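Asker: Show me how the following folds:
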Amino acid sequence: MTRISKSMSSKITKLIQAECCNYISGECLLCSTKCAQIARVKPGNLRSDQAFFICPWFLDAVLPLNKELQQLLLSKKDKRKCANCGRVFIGGSNRAKYCSSCAAIIQKMLKREYAQRKRYNL
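Answerer: Predicted coordinates for the structure are as follows:
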């Protein structure tokens, strides 16, 4: 399991607070205690990389609402950092250098540069 960064921890906490139907003002209705999933993902928590998914409701119902976060947490593939924007993404191949949103922009820019070089070298 990957180590949880501060930004990922805050994304998970915000997702639980906004979308979990069992979460009401810090309490979990299923457990009648503080939300154990939020406590598990806090930065500095030594257990955060051992058994990450403590709440089955979070895994089955809440996490699928954020596909990008779900992919980052559950994927066994190598995670990479986009060379353009710095966002973490999962590459489809070992040559992936950019996230999907930046890849289209970079490809368009490279095609434009190639066409200009080709046009002016004639």
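Asker: okay, now residue 58: neighbour count?
Answerer: Using other CB atoms under 10 Å, residue 58 has 25 neighbouring residues. Any C-beta I mention is one placed from the backbone N, CA and C, and that applies to glycine too.
Asker: Revised request: answer the last question for residue 36.
Answerer: Residue 36 is flanked by 13 other residues according to other CB under 10 Å.
Asker: Run through the residues that contact it.
Answerer: Contacts were defined as CB atoms under 8 Å, 6 or more residues apart in numbering; by that measure residue 36 touches 28, 54-55.
Asker: Put the buried members of these into a ChimeraX selection.
Answerer: Here is the ChimeraX selection string for the buried members of these, based on 16 or more other CB atoms under 10 Å:
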select :28,55
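Asker: Out of the contacts of residue 36, which sit inside strands?
Answerer: residue 28 (DSSP state E).
Asker: Single out whichever of the contacts of residue 36 has the smallest pLDDT.
Answerer: Least confident of these in the model: residue 54, at 72.
Asker: buried set for the helix ranked longest in the chain?
Answerer: Longest helix in the chain, counting residues (DSSP state H): helix 100-120. Going by neighbour count (16+ other CB under 10 Å), the buried part of helix 100-120 is 102-103.
Asker: Many thanks, we can stop here.
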